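> pasted the sequence and its predicted model underneath.
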Amino acid sequence: GACCSYRLRDALHPLWQSPLTIPGGTRQSPINIQWRDSVYDPFLKPLKISYDPTTCLHIWNNGYSFLVEFDDSADRSIIIGGPLENQYRLKQFHFHWGAVNDWGSEHTVDCKFYPAELHLVHWNAVEYLSFEEAVMEGNGLAVIGVFLKLGARHEGLQTLVDALPAVRHKDTVIEFDVFDPSCLLPSCPDYWTYAGSLTTPPLTESVTWIIKKKPIEVDEDQLEAFRTLLFTSHGEEERRMVDNFRPLQPLMDRTVRSSFR
Ligand SMILES: NS(=O)(=O)c1c(F)c(F)c(S(=O)(=O)CCO)c(N[C@H]2CCc3ccccc32)c1F
Ligand SMILES: [Zn+2]
């Protein structure tokens, strides 16, 4: 591939305890986005995002990442438009990050890693009855990816960071009842989009990825706070939760489209 070898891609990757690409997988994620190979699609609509902050439920550490989960029992926090044929409901958001600032994101742009990446996971509640059902369908999920870069302190993120000590160990959870994830989105509407997969088990090829072109800025202390989390439960030997990103997967027969020239 352009910037990465896939020699190891069929090896078992320690973190995800499963083959890096599911046998016969043709649309696995994450990928490198080669800017000059992306194709502007004038028919892509603007992405419309409307989140109800009171649908926020809790933050928990599930041993992969820390995630903020939402009440998805009605169409209260949804996205529509962009590359999507239907309306999708917000289920949760989580992050991926590195042990150091040189890497941590799942997707790369022209082979450049960002120190972290935010994923807002949505499911197609128009065609499917549950998230679990949608996870198995080609158009079941839509994940918005936002790169985090080192810079100014992010005030909206700080409310999340302040809660992290309470979910330091795997399987700890705290109530988090009002949060508007829109504050974590860059103001620039530009994005890339491609057909891909979950990057954690079950790795199903059910995700329409929408990757924002512009990163948001967070400061060093905020990234360091992510790195104080643990993969391990209370009483286990502590292992710091870092480098929780999947290796790059081959593009195969896919085109990345851009919403911008
Ligand atoms: N990078 S990603 O967007 O592919 C992605 C993750 F990276 C990730 F870590 C998780 S998870 O919930 O923390 C772990 C469960 O697989 C999910 N959660 C999804 C995947 C499967 C599943 C099942 C129930 C609820 C949420 C999820 C996820 F969609
Ligand atoms: Zn993710």
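Cool, got the structure. Ligands and ions are numbered 1, 2, ... in the order given.

> all contacts plus neighbour counts: C-alpha atoms, from now on.
Fine.

> who's Thr108 bridged to?
In this structure, Thr108 bridges to Asn32 when assessed by DSSP bridges.

> what sits against it?
Thr108 makes contacts with Ile31, Asn32, Ile33, Tyr114, as judged by C-alpha atoms under 8 Å, 6 or more residues apart in numbering.

> same check on Tyr88?
By C-alpha under 8 Å, 6+ apart, the contact set of Tyr88 is Ile78, Ile79, Ile80, His122, Trp123, Asn124, Ala125, Val126, Leu141, Ala142.

> how near is the first one to ligand 1?
So that's Ile78. Ile78 sits 16 Å away from ligand 1 when distances are taken as C-alpha to the nearest ligand atom, to the nearest Å.

> okay, now Tyr40: neighbour count?
By other C-alpha atoms under 10 Å, 14 other residues sit near Tyr40.

> make 3 the starting number, not 1.
I'll keep to 3 as the first residue from here, and by that count the last item is Tyr42.

> that one against Arg259, yeah?
Yes - taking contact to mean C-alpha atoms under 8 Å, the distance of 5.7 Å between Tyr42 and Arg259 places them in contact.

> return, as residue ranges, the portions of the protein with sub-threshold pLDDT.
Low-confidence regions of the chain, defined here as pLDDT under 70, cover residues 3-23.

> hmm, 80 instead?
Scanning the chain for pLDDT under 80 picks out the ranges 3-25.

> for ligand 1, give me its nearest residue in it.
Relative to ligand 1, the nearest point of the chain is Leu200 (3.2 Å; C-alpha to the nearest ligand atom).

> burial check on the residue lying closest to that residue once chain neighbours are set aside, number of neighbours?
Spatial nearest neighbour of Leu200, chain neighbours left out: Thr206 (5.7 Å); criterion: C-alpha to C-alpha, 6 or more residues apart in numbering. Here the neighbour count serves as a burial measure; for Thr206 (other C-alpha under 10 Å) it reads 23.

> what about Thr206, distance to Trp194?
Thr206 sits 20 Å away from Trp194, going by C-alpha to C-alpha, to the nearest Å.

> before we move on, what about Leu49?
Noted for Leu49: a distance of 11 Å to Trp194, by C-alpha to C-alpha.

> so which of those two has more stuff around it?
Residue environment comparison for Leu49 versus Trp194 gives the larger neighbour count to Trp194, 24 against 16, counting by other C-alpha under 10 Å.

> is that one in a helix, a strand, or coil?
strand (DSSP: H, G, I helix; E, B strand; the rest coil).

> ok, the nearest residue to it once chain neighbours are set aside - how many residues close by?
The shortest distance from Trp194 to any residue that is not its chain neighbour, by C-alpha to C-alpha, 6+ apart, is 4.3 Å, and that residue is Ser260. Look at Ser260: counted by other C-alpha under 10 Å, it has 23 neighbours.

> surely Ser260 touches Trp211?
No - contact status for Ser260 versus Trp211: not in contact, 11.6 Å apart, counting by C-alpha under 8 Å.

> list the residues that contact both of those two?
Counting by C-alpha under 8 Å, 6+ apart, the residues touching both Ser260 and Trp211 are Trp194, Thr195.

> okay, and the residue nearest in space to the middle of the chain sits in which element?
Central residue of the chain (C-alpha atoms, centre = their mean): His121, 2.2 Å from the mean position. Assignment of secondary structure by DSSP states H and E places His121 within strand 118-126.
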